[in-house]
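**Q** Can you look at this prediction? I've put the sequence above it.
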Amino acid sequence: MRRRASAIAALLALGAALAIVAGAYATPEWAAAPAAQSGSDAASVKCGKTRTIGFMAPITGPAASIGVQQNSWAKYYVSTYNRTHKTKVRLQTEDTQLGAPTGTAEALKGAQALGGSSNVLGLVGPAGSNEIVGVTKTLQDAGLAWVSGSSTRTSLTTDGTRTGYMFRTVPPDAIQGPTAANYIAKVLKYKRVYIIDDQETYSTGLADAVERVLKAAGVSVTRDGVSQQQSDFSSLIAKVPRDTQLVYLPWQLTPKAIAFGNQMKAAGKGSVKLMGADGTFDDSFAAVGSHVYDTNFPLNPKSKIISGYRKSHGGKGDFFGSPTYAAVQVVATALDKACANGTATRAEVRAKIRATNIPAAKSLIGVTIRFNRNGDLSTAKKFGLYKSNGNIFVPIPG
């Protein structure tokens, strides 16, 4: 599991006001219920004493470090729910192997398995934006709604393709991107930035958002890309001018970002600042050096849910995975409501998810969990900024 700072102070700045971009994110609150797509969409299922939630995450593979966290937080919700409810929930887990050469195929296989399982009425995941693009048709054809705790590409919810089916418990790149870019341009006041995406949906979308804001602020931006499968970055690093002030890496695979940072130092370019994104928010990346920055999802530092998780996980916060707890909470709450009469359909569960209204007091993200018509949170509009102290990421006041 990924190593996290043990001090709860590492979250204290997450409530601070950061740059907000309304853009595609600000939309009316509700959408009409989508039409039934198949027989499974309207098939009535006896809920019974145990309800099944589909769960898709990279349990193994290059992105396992985030998948393990998401899996741990999902299981933590299930354990706390089952201790306090007569009815129980269980996870039916599919490993997507995000970042592996066969990752797309594995995600599709998992979506097909969950879509074909009649007891699965709602789904949590997938983790990656590119995975969601690949499984959209399969899940929609099965009538399944899904709630992701980490996919941030803005267009996933704003292009209208998944309205009424996809929801997420994290803000989109329309907020994360400008948060990072405005800090680079307005606080650090850097004028020469090199952006390298990893050629996947999540990464290119976030890189686009940052590049757009930086250029508008008069920053000179060079853009490049590299495959997730690459490990030797020497030729790419050779292209980075020595007067570059910061390299922005919106990557999904922390080990790759670590390798890049270490190879930069070996090439004599260790003075160039690095900034990752939520996909690399891990203290193992912070350990590359005190010149590393990052962003991460909003959380409530005073949440009893977080303190309870840390107590049961050896003090670890595993904060990247925490929005997955919220995603499972959303689906489980929807199942409770849809199953009130003993049976439910996938269409009913979609409608209940769409009408989610979990109060802030019961939410570890610090705000009421409520979705706008696109499936985005209508309440959480902040990203936290962090800087490494050489070992761990600590919040940047603001």
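**A** Sure, I can see it.

**Q** which secondary structure elements does the one helix or strand residue 305 maps to contact?
**A** Counting by DSSP states H and E, the element that carries residue 305 is helix 304-312. Contacts defined by 3 or more CB pairs under 8 Å, 6 or more residues apart in numbering; DSSP states H and E place helix 304-312 against helix 64-84, helix 322-338. For glycine as for every other residue, the C-beta is placed from the backbone atoms N, C-alpha and C.

**Q** buried residues in that helix?
**A** For helix 304-312, the neighbour count (16 or more other CB atoms under 10 Å) marks 305-306, 309-310 as buried.

**Q** tell me the pLDDT at residue 27?
**A** Residue 27 carries a pLDDT value of 34.

**Q** Pairing partners for the helix or strand hosting residue 221, with directions?
**A** Residue 221 belongs to strand 220-225 when elements are defined using DSSP H and E. With DSSP bridges as the test, strand 220-225 is paired with strand 192-197 (parallel).

**Q** can I have the strand it pairs with written out in CSV, keeping just the CAs?
**A** Taking Å, rounded to 0.1, in the frame of the first residue of the first chain, the C-alpha atoms of strand 192-197 are listed here in CSV:
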residue,chain,number,x,y,z
ARG,A,192,9.1,28.4,-18.6
VAL,A,193,7.1,25.2,-18.1
TYR,A,194,7.5,21.8,-19.8
ILE,A,195,4.3,19.6,-19.8
ILE,A,196,4.6,15.9,-20.4
ASP,A,197,1.4,13.7,-20.6
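
**Q** can you list the residues that contact it?
**A** Outside strand 192-197, the residues within contact range by CB atoms under 8 Å, 6 or more residues apart in numbering are 184, 203-204, 206-207, 210-211, 214, 219-226, 236, 240-241, 243-251, 260.

**Q** ok, now which ones touch the residue nearest in space to the middle of the chain?
**A** Nearest to the mean C-alpha position of the chain, counting by CA atoms, centre = their mean, stands residue 150 at 1.2 Å. By CB under 8 Å, 6+ apart, the residues touching residue 150 are 66, 70, 127-128, 168, 170, 278-279, 297, 320, 323-324.

**Q** If we use 7 Å, what do you get?
**A** 127, 170, 323 (CB atoms under 7 Å, 6 or more residues apart in numbering).

**Q** The last one contacts residue 171, correct?
**A** Meaning residue 323. No. Applying CB atoms under 7 Å as the test, residue 323 and residue 171 come out as separate, 9.7 Å apart.

**Q** quick one: the strands in the stretch 101-250 of the chain?
**A** Secondary structure of the stretch 101-250 of the chain by DSSP state E, counting those that start in this stretch: the strands cover 120-124, 146-148, 166-168, 192-197, 220-225, 246-248.

**Q** For the second one, name the packing helices and strands.
**A** Pointing back at strand 146-148 there. The contact analysis (3 or more CB pairs under 7 Å, 6 or more residues apart in numbering; DSSP states H and E) places strand 146-148 against strand 120-124, strand 166-168, helix 322-338.

**Q** for these, which one sits closest to residue 395?
**A** Closest approach to residue 395 among the helices and strands packed on strand 146-148 is made by helix 322-338 (15.3 Å; CB to CB).

**Q** Give me the buried positions along the closest one.
**A** Across helix 322-338, burial judged by 16+ other CB under 10 Å covers 322-336, 338.

**Q** Please apply the same query to stretch 76-84.
**A** Residues of stretch 76-84 classed as buried by neighbour count (16+ other CB under 10 Å): 76-78, 80-81.

**Q** do the same with stretch 86-96
**A** In terms of neighbour count (16+ other CB under 10 Å), stretch 86-96 has its buried residues at 89, 91-96.

**Q** Brilliant, that's me finished.
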